[in-house]
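S.K.: structure for the following, please:
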Amino acid sequence: MTAYNEMMANGRPVGLSELIGRGPEMAELRRMLPKARLLTLTGAGGVGKTRLARRAARTLRGWFPGGVEFVELATLEDGALLESAVASALRLRHSGRQAMPVLVHHLADKRMLLILDNCEHLLEACADLVDRLLHGAPRLRILVTSRQRLGVPGEHVLAVPELPVPPAGATVGDIARSEAVRLFAERAAEVRPGFVVDAANAPAVARLSQRLEGLPLAIELAAARLRTMPLDELVRKLDDRFDVLARRDPSQVGGSAPPHHETLRATMDWSYGLCSPGERLMWARLSIFPGGVDLDTAEAVCAGGGIAPEDVFELLTGLLDKSILSTERSDHEVRFSMLDSIRAYGREQLTYGAERASGGERAPYDEQALYERYRDHYLRLATGNRIDALAPNQLDRIRTVRTELPNLRVALDLCFKRGDPSAGLEIAFALWGHFLLSGAISEGRYWAERGLALGPQTGTTRAKALWAAALFALHQDDLPAATQRADECRTLAERTGDATASAFAVETSGMIALATGDSRRGFELMREARARLQAVGDLPAVGINLYYSASVGVTESPEVSAALGRELLALTEAHEAPLFQAYALLALGFAAWRQGDSGTCEVRMRRAVRTLGIASDRWGLLMCLEALAWTACMNGRHERSARLMGATGRLWQTLDTPPVELQILADSHRDCEAAARRVLGPQAYATTHHAGARLELDRAVAYALEDGGESLG
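M.R.: Residues are numbered from 1 along each chain as shown. Next comes the predicted model:
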């Protein structure tokens, strides 16, 4: 095994392992939750609130027919994005309105448990969200983890205490059964295989757990030190550390903070002090990555100013050995991450080091240089992973952006807060396709509008961002805002003579014309824009233009739509762009349906589903399922059709509204529903439709594809 693979194999994610003990807390949670619509788990950082909430999610799932949803908020740093983030975590698209009405509509009749984890840094936004959800969804229960209560009326609070420690004079058996000791022993055995609590070491282990007051994170950090020092030395160093703490002025360690806060602070200080200077610096620099980091990114951003690129791997290994970092392996990469408490401590060190450096001590704590490297890296990542590019690796790009989204949000915020709106606007535009595909339209619009308010008043990037802002506004049915952005785009193009800006200005006006029912003018403008985009060589924009023109125009002229779809398919096949191919097939499937060729429609939709499923494109998948319901109806399979329409009918609600510009969806759904109801009868149709409405998207897709006849190849 290579050194790198060995490090990965040993990188257990601290804080995500199995919960030890907590029987009384789980019993109290079970007692309180049935009568508490809002239950907040409070406690110090590192006390185990998240693990307790995760156990509740697993063990109480049977209580909630509507399901249990766990929403992790630690990586979200902007309260303005909270509603959108929760909607996205619940797989809700909010293209027609803001996120809150979509959330309320989705949750209104559901008896479910929503868990919001790590709310303390977004306390005001979380309190407002929870209050509105509880008013709008009377059967909903919400479980929150936070270092302090939300302050919402009706809130019940369950304080999560530290783990019980052995009392003075406890026997070896009592010590070994103590929950704090059991946690230490389990973690110690991971770094020292064969470690057990016995008569020889029980007093030292008891002393350690008492010193750390049963705080789980502090215990885990201490156990990790057994890699490099004997147990007796570990206890002695901890005693020395805490004796120093006790002699210090309380104002230096948090003033009147509760003792367990001081325990965690002291343990963090102690762990930090045991790190080498390079490891301390790496800890501080890694703290700016809320979404974790891979090795290449750590080398690109964290090296420099005291850290050589060739030293990054060794420093990561050191932090992993000390349980400051954990690793998470996927099929595509290995990422390093920190628990929220550890990352917050690192951010403090980064700020403190930067302040100290500003007093005359140059790097290594050069915060501005670090942020510039971070900005530049994520600007390259965003522009290099645009999912609207005509590229064979579109699906890999989607995975990359989804993984890096928390870090990209930080990059955007840094650009806009630190006086570099041009770079922020470039990142925001590069991500427009991701926001549209994932249904996070409110977030995409938020970043685009923020960048437009602060960014340069001229240039191609601004013109493209105006186009994206108009598109987002159209998807949210905000025609005045879309028109305003289209007018600005046209004025900008006229003032600067920028050919690319002019092409986007014409296209924006065409999309608005189509949205307002002026089809003739809309198609003329889209054709003109397409010619201009071809002239400036922006083939991805040509592809997007072709899809919108083909899909919107299919009701009026299926022949023209089919021609545009074939042109798009040829373009995407030439560049081997799978996501574009899926949308070309979707447009061609609609055209075939309008031309009366249900067999071709079904084959094309099935081929599109394969790619759209990999991309987790809920909007595209639902359009395919709609068409497969119609073809089932045409083939006389009315029960199958009714079941699929039941599924799509409910799932469209989770996306707020179907794309209103596609009239074919409304017309064909209505006709198919009438035919199925007539053949099956009202009662049988209602029963079958209701059964379909209980299907989640993945189950609905699997049902649509089974016994499908034509090959997916």
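S.K.: okay, now the unreliable bits of the stretch 601-713 of the chain?
M.R.: The model of the stretch 601-713 of the chain has pLDDT under 70 over residues 654-662, 707-713.
S.K.: so what's the residue count around Leu628?
M.R.: 26 (other Cβ atoms under 10 Å). The way it works is simple: take the backbone N, C-alpha and C, and place the C-beta from them, glycine included.
S.K.: could you pull out the buried residues of the strand or helix carrying it?
M.R.: Assigned by DSSP states H and E, Leu628 belongs to helix 618-634. Residues of helix 618-634 classed as buried: 618-634 (neighbour count, 16 or more other Cβ atoms under 10 Å).
S.K.: likewise for stretch 391-407?
M.R.: Judged by neighbour count using 16+ other Cβ under 10 Å, the buried positions of stretch 391-407 are 391, 394-395, 397-401, 403-407.
S.K.: give me the pLDDT for Asp311.
M.R.: Predicted confidence (pLDDT) for Asp311: 95.
S.K.: ok, it touching Gly278?
M.R.: Yes: Asp311 is within contact range of Gly278, at 6.3 Å (criterion: Cβ atoms under 8 Å).
S.K.: so which of these two has more stuff around it?
M.R.: Gly278 (18 against 15).
S.K.: centre of the chain to the helix or strand containing that one, how far?
M.R.: For Gly278, the element it lies in under DSSP H and E is helix 277-286. From the chain centre to the centre of helix 277-286 is a distance of 26 Å (Cα atoms, centre = their mean, to the nearest Å).
S.K.: helix or strand right after that helix?
M.R.: Next in sequence after helix 277-286, counting helices and strands by DSSP H and E, comes helix 295-302.
S.K.: show residues contacting the helix or strand that that following helix is followed by.
M.R.: Past helix 295-302, further along toward the C-terminus, the next helix or strand under DSSP H and E is helix 312-321. With Cβ atoms under 8 Å, 6 or more residues apart in numbering as the test, helix 312-321 has contacts from 3-4, 7, 10-11, 224, 227-228, 275-276, 278-279, 282-283, 286, 295, 298-299, 302-303, 307, 325-327, 336.
S.K.: avg pLDDT for the longest helix anywhere in the chain?
M.R.: Taking DSSP state H as the criterion, the chain has its longest helix at helix 394-417. Helix 394-417 shows a mean pLDDT of 94.
S.K.: so what does it touch, helix or strand wise?
M.R.: helix 367-384, helix 421-430, helix 432-438, helix 441-454, helix 578-594 (3 or more Cβ pairs under 8 Å, 6 or more residues apart in numbering; DSSP states H and E).
S.K.: could you redo the last one with a cut-off of 10 Å?
M.R.: Helix 394-417 sits against helix 82-89, helix 295-302, helix 367-384, helix 421-430, helix 432-438, helix 441-454, helix 578-594, helix 598-614, with contacts defined as 3 or more Cβ pairs under 10 Å, 6 or more residues apart in numbering; DSSP states H and E.
S.K.: just put the ones you listed in CSV and tack on distance to Arg677 and mean neighbour count.
M.R.: As requested, those are exported to CSV (distance: least, Cβ to Cβ, whole Å; neighbours: other Cβ atoms under 10 Å):
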stretch, distance to Arg677, mean neighbour count
helix 82-89, 32, 23
helix 295-302, 55, 20
helix 367-384, 48, 18
helix 421-430, 46, 24
helix 432-438, 34, 23
helix 441-454, 33, 23
helix 578-594, 20, 25
helix 598-614, 19, 22
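S.K.: in CSV: those, plus distance to Thr508.
M.R.: Formatted as CSV, the helices and strands packed on helix 394-417 follow (distance: least, Cβ to Cβ, whole Å):
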stretch, distance to Thr508
helix 82-89, 23
helix 295-302, 35
helix 367-384, 21
helix 421-430, 14
helix 432-438, 13
helix 441-454, 13
helix 578-594, 20
helix 598-614, 26
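S.K.: His690: which of those is closest?
M.R.: Closest to His690 of these, according to Cβ to Cβ: helix 598-614, at 23.8 Å.
S.K.: which strands and helices sit next to the closest one?
M.R.: Contacts defined by 3+ Cβ pairs under 10 Å, 6+ apart place helix 598-614 against helix 394-417, helix 578-594, helix 618-634, helix 697-705.
S.K.: of all the ones you listed, which one is nearest Ala200?
M.R.: Here helix 394-417 is closest among those (Cβ to Cβ), at 45.9 Å.
S.K.: between that closest one and helix 421-430, how big is the angle?
M.R.: 150 degrees (axes from the mean of the first three to the mean of the last three Cα atoms, to 10 degrees).
S.K.: run the angle between helix 394-417 and helix 82-89 for me.
M.R.: 170 degrees.
S.K.: what's the weakest-modelled helix or strand in the chain?
M.R.: When the helices and strands of the chain are scored by mean pLDDT, DSSP states H and E, helix 3-9 comes last with a mean of 37.
S.K.: immediately after that helix, which helix or strand?
M.R.: By DSSP H and E, the next helix or strand past helix 3-9 is helix 23-32.
S.K.: who does the helix or strand that that following helix is followed by pair up with?
M.R.: Next helix or strand after helix 23-32 toward the C-terminus (DSSP H and E): strand 38-42. Partners of strand 38-42 in the sheet, by DSSP bridges, are strand 141-146 (parallel), strand 155-159 (parallel).
S.K.: between those, which one is closest to Asp420.
M.R.: For those, the distance to Asp420 is smallest for strand 141-146, at 33.0 Å, taking Cβ to Cβ.
S.K.: ok, which stretches of the stretch 451-600 of the chain are strands?
M.R.: Shown for the stretch 451-600 of the chain, no strands are assigned by DSSP state E, counting those that start in this stretch.
S.K.: what's around Arg520, how many residues?
M.R.: 9.
S.K.: what's near enough to touch it?
M.R.: Arg520 makes contacts with 513, 556, as judged by Cβ atoms under 10 Å, 6 or more residues apart in numbering.
S.K.: from now on call the first residue 30
M.R.: Will do, 30 is the new start, and the previous item becomes Arg549.
S.K.: per-residue confidence at it?
M.R.: Looking at Arg549, its pLDDT reads 86.
S.K.: do the same with Val581
M.R.: pLDDT for Val581: 81.
S.K.: count the neighbours of it for me.
M.R.: Residues contacting Val581 under the criterion other Cβ under 10 Å number 24.
S.K.: residues contacting it?
M.R.: 539-540, 543-544, 548, 551-552, 555, 590, 616, 688, 690-693.
S.K.: same check, this time on Val330
M.R.: 314-315, 317-318, 322, 341, 399-407, 436.
S.K.: from the contacts of Val581, which two are the most distant?
M.R.: Greatest spacing in the contacts of Val581, by Cβ to Cβ: Gly539 and Ile693 (19.3 Å).
S.K.: those two: who's more crowded?
M.R.: Remark: of Gly539 and Ile693, Gly539 carries more neighbours, 26 against 21, as counted by other Cβ under 10 Å.
S.K.: I'd say the more buried one and Met555 touch.
M.R.: Yes: the pair Gly539 / Met555 is scored as a contact, 4.1 Å apart, by Cβ atoms under 10 Å.
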